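1. below are the sequence and a predicted model for it; my questions follow.
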Amino acid sequence: MGDARLVWGSTVLIEAADNAQAEMRAGLREFVFTALADGSNFGNPEAVITQIRSHLQDGSLAGVTSQENRQGRIRVQAESASYAGLAAAEKQLAGEASVPGYSTLTWTPNVALSYPTVFDVVYATVAWEFDDFAETQLRRYFLIEFELLPFGRDAALNVVQATTGDTSPTTSTVVNDGSSTGGWASFLAPVGTNATVSGPTVVSGAVRVQVSNPGGGPVQFGARLVAAVDLSAHRYITVDFTNGALGAPSVTVEAGSVSAPAVLTSEVAMITGSARRAYYKVPDLTGATASAVTIANNTFELSNYLAIDQVQTTNVPTLTQGTRRQQTRTLSVGGSARARATLAITAPAGQTLGALTMLYTRTQTTGLQPPLRRYRSAGAAVTADSSTISGARNSLGSTDTFLLPARLFREALHSVVLYVRAPTNSVVATFTCVASMVAANGDPLPESAMSAFMGTTVTLGLANVWQVVEAAALQLPVVPVADDSTNLLRLTILCSQPAVEIDEGWIYDIDNGTLTLAVSTGLTRLELRAAGLSNPERSVWAGSVDGGGPTGLVRADWRVVPGINGALVGSLGEHTVQPGMVDIFTGTSGTEESAALVTYARSWLHNAGAPDVTDDQVEDLIESNV
Amino acid sequence: MTGLEIVVGGQLLTTIAPGWGEITVTDRWGNAGGGCWEMSWTVPVRRLRRHQAFTVGAPVAAYVGPWPRWSGSLSEPDWDTGQMVAVGRVRAAEGAVSLDASGLITTVADVAVDQAVARGAVSWTRRASISATPLLASDAASQLTYLDRLLDATTQAAGTDWGVNAAGEVYVTPPATAPTMLVAPDSGVLGTSDTVLARRIIGRYQPAGGGALANTTVGSGSPEVGVSLLSYGSITPARAQEILNGILTRIQPRAAWTNGITLTAPQVTNPGGCRTSLALIRADGFQTARLQGVRDIRGLDAGTNFVVGESVWDVADQTVQINPVGMVAHDLGSIIEDAGGVLLS
């Protein structure tokens, strides 16, 4: 058993009591503090609630917008061998209360078995509680009242890197296209329950298995594909699946008698149909060829299905669209509360982020990917160009039409951003961006045509230089649709100057997400720091000298002024780092090898947990099991 | 969640004044110049600390993500309370004279705007023509000295309205017709005053070439009012008709609104039923609200449509107040005066 420990700044409020008192009696220390459970409390965060007027017939809408500080109070007993010692104890507490800057209160319920939780102290006051009997015993009681930030945190910072593409260009090989049941067998675990699996059968070009689970207990069902899978060049597997709302299936890879789970790296929605694509990192098996792949879902429901459209191997862990200058990434964030975090995007040594840097995070992802080109359905002839972000470009002289699955849109304000260039200097161009809705067969939906009130007019200054244009702010989807709708959102973009070319367009949900966009050449690292106690404003830092490292950064808010249609640019906001998976989209015009990182101390409602296991450690674990 | 970012004098407010808040964003449309009208916010007051960016006339812009929502310039900061007010670029027209390149009074809207831009009297961009022809037969006789009066008269004669948007572009547009937003039932009603202003307008004007005053009439029914258009100097019958029609559009035979309504996000949708962001609800000439379930006293419509004449977005409160066009100035005399006429007694 270990003892509890409570430390305020540099003052220990709970000692290993026996030893400390012995030291005091031996004259080795002036005083001993003991925090008392009676009258002490760490308080709780206080939710800030906003009432929202609504049309609920009964009840009312309200939301928690943030958390207010918690009020803690610790009662402390000071003991000494002399009154001078008691005065020194008081001085010690008063000193902690008046340290310049901010102190911390660190609580460890069990030094041997638990983990320290650090509370940031906004301020503290010390009150003396008079007790005549205690005075005669050379004891004094103090009540310390703390104003604390609402959440505790880890003492140490975590640095997590978002998943990223490994190599360029993206290649992939189809292992099975789901057009026949050859090689497939049903899978069910555990055996011996009442559950049964029917199939596999081929339905609409996908291998489908159906589970019947009369007991409703936890079962894992799916399909096992026996095939020689060449993993020598491709270390990732993608599975295109539909399964209602069960989420990405788990994938197990076998090589002879060895089997190991593949780690989910990302999940994206497909352009057409309702299938989703999940990416998995293949464990390091002996040999470069796998002999079988098992794809399965867990369910408690009475009946369910899993349809597998396609299985491929690939060399990237996530969807890259066109080139790897734009990537969808996933960050794994620990803790039990929203964290104050620093988000960074960096270029590798010898490269820069380029003229355009975008970092977009969102909560509650729907699978909508910002890049538009992959949703393009009509427009002028496309020229492949590997120097662009999207890998291609085309003129905007005839209307570019994009068809996006409407079910991927949450009702929110969306911003359309374009990357365009003109062949001559100082071209004044007006961009018109209109949204409407069509059914899957192309028929327009009623009440779904939105007018383009005024286009956005900008002057594209330099010839043949790609520039960012904020083209429109749109309320999307135009008409709300059901989660399984096949309706499409049609976005059209037209430019008044037919010679203007577009590389890529992006559509960002800025109600539920945050976009940071910087236009500056020569940057190697861009950091977004959340506000903290000692820096009450959030800030932007940029680096350009040391190959992307965190030293040599300078504060760059003044360079990142919003307003794209000018010179140096940006879009700013508060990026939210919630525990769980954080979805990040990055665009860097200058490099295909950018990395996205988050540096944060995990936040906890009350008590910290064990340190996070890093991805590398997970891989080591997998390897040691193989 | 992307909030509103304010930039003052090229510097992020978050950087130079952490703790800013209490933002309201006001837009106006109709009656006179519209678009971005006013924005106010507070900054924490710290003794002896006044950032140099807060100077009168400093450019101010507000963004939602990359989207410019509002722009204008700072008026006098109040350092006792930390209250800051910025006024829209449209309001510079009140202090710009309608001159042509030779420094003479002009009634050609395009020339007056371009010259005011060239002199630095207004910081606008004119993307499209407002009017390339003289409004009046004789510029020299024009009483429309200031740019706002000239643009008011020009657009009223054409049955349109003018304003300056967040990008600084001066534009004209006719009153919006089809609803762009639906307001859920039970969100509020518009109070009305049943003063019918006029159904028929008889204008008296000076025909070209001088001579006796002539009359021309628009509308039908009663009551009728007489309007003097003599301040325009000599004008053609067609021009007189245009001006009177402009007045009639503005005082359409209906009862006048006496109040607006305050809305939260769940109470407003687009015509397709999609919840709308409060940032998008603004009086910019393109927005017409439809109050569902509020019978229009003007006719048989089960809902009431009105052009948004003023929007006041309280960012912290998450509400937006929308006032109908026709509320701000609904007395006959001021409408006619705005149009350059004089109500005959």
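-> Received the coordinates, thanks.

2. now the helices for the stretch 1-150 of chain A?
-> A:17-25, A:83-97, A:132-136 (DSSP state H, counting those that start in this stretch).

3. chain B too?
-> B:13-16, B:109-119, B:147-158, B:237-250, B:332-338 (DSSP state H).

4. any buried residues in the fourth one, and which?
-> For helix B:237-250, the buried set under the neighbour-count rule, 16 or more other CB atoms under 10 Å in any protein chain shown, comprises B:Arg239, B:Ala240, B:Gln241, B:Glu242, B:Ile243, B:Leu244, B:Asn245, B:Gly246, B:Ile247, B:Leu248, B:Arg250. Every residue, glycine included, has its C-beta placed from N, CA and C.

5. show me the contacts for the first one.
-> Going back to what we said before, that points to B:Arg239. B:Leu135, B:Leu136, B:Ala137, B:Ala157, B:Tyr232 (CB atoms under 8 Å, 6 or more residues apart in numbering or on different chains).

6. farthest pair within those?
-> B:Ala137 and B:Ala157 (13.2 Å; CB to CB).

7. the more surrounded of these two?
-> When neighbours are counted by other CB atoms under 10 Å in any protein chain shown, B:Ala137 and B:Ala157 differ, and B:Ala157 comes out ahead with 23 against 18.

8. residues from the stretch 201-350 of chain A in reach of chain B?
-> By CB under 8 Å from any CB of the partner chain, no part of the stretch 201-350 of chain A sits against chain B.

9. ok and the residue in the stretch 201-350 of chain A nearest chain B?
-> When scored by CB to the nearest CB, the stretch 201-350 of chain A has A:Arg338 as its residue closest to chain B, at 11.8 Å.

10. where does pLDDT dip in the stretch 151-300 of chain A?
-> Low-confidence segments of the stretch 151-300 of chain A, defined by pLDDT under 70: A:163-169, A:269-274, A:285-287.

11. swap in the stretch 51-200 of chain B?
-> Looking at the stretch 51-200 of chain B by pLDDT under 70, you get B:137, B:140-143, B:191-197.

12. tell me which parts of it are close to chain A?
-> Residues of the stretch 51-200 of chain B lying near chain A by CB under 8 Å from any CB: B:61, B:63-68, B:125, B:127, B:165, B:167, B:169, B:171, B:180, B:184-186.

13. put the buried members of these into a ChimeraX selection.
-> Command for ChimeraX that selects the buried part of those, burial taken from 16+ other CB under 10 Å:
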select /B:61,63,64,65,66,67,68,125,165,167,169,171,180
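
14. can you tell me which of the residues of the stretch 51-200 of chain B next to chain A end up in strands?
-> B:Ala61, B:Tyr63, B:Val64, B:Trp67, B:Pro68, B:Thr125, B:Glu169, B:Tyr171 (DSSP state E).

15. for A:Arg325, what are phi and psi?
-> phi -70, psi -20 (degrees, to the nearest 10).

16. out of everything not next to it in sequence, what's closest to it?
-> In space, and not counting its chain neighbours, A:Arg325 is closest to A:Ile389: 4.5 Å by CB to CB, 6 or more residues apart in numbering or on different chains.

17. wait, B:Glu22 touches B:Ala316, no?
-> Yes: at 5.9 Å, B:Glu22 counts as touching B:Ala316 under the criterion of CB atoms under 8 Å.
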